[in-house]
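Asker: Pasting a predicted model and its sequence here:
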Amino acid sequence: MRCVIARFPFDLVKTDVQASMKGIKPEPVVGESVIIGRRHYPVKQVGEVITRQDRRDFTASEVTRALTRLGFTCRPAPSLAPAALLTPLAAASALLGAPAPV
């Protein structure tokens, strides 16, 4: 399949992408990810390997779009849980190490 990543055309094949990622240890996933085989890889790591470009040269959405069209399962970035809102008194108690007032 022909796709454009960082203004450069690439002819990608699913088996070639799988072969390129074989033996590469996945980095911790903090953003968008893709499942290749049984492993979850960050999209930027896969993009760097298959295009041989620096990660700053392309966006995660470009690589995600290409990998989705090839048939890989891509997942969005994990959502962050909202921080618990503490009252000023509870926050002060937590900083002092005292039990929070009820």
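Answerer: Nice, I can see it.
Asker: mind exporting the helix or strand residue 35 falls within as PDB, just the C-alpha atoms?
Answerer: Assigned by DSSP states H and E, residue 35 belongs to strand 33-36. The C-alpha trace of strand 33-36 is given here as PDB (Å, rounded to 0.1, in the frame of the first residue of the first chain):
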ATOM      1  CA  SER A  33      -0.100   2.400  20.300                       C
ATOM      2  CA  VAL A  34      -0.300  -0.400  17.700                       C
ATOM      3  CA  ILE A  35      -0.600  -4.100  18.200                       C
ATOM      4  CA  ILE A  36       1.900  -6.100  16.100                       C
END
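Asker: ok, then the element right after that strand?
Answerer: Trace forward from strand 33-36 with DSSP H and E and the next one is strand 39-42.
Asker: Could I get the buried residue list for that next one?
Answerer: 41-42 (16 or more other Cβ atoms under 10 Å). For glycine as for every other residue, the C-beta is placed from the backbone atoms N, C-alpha and C.
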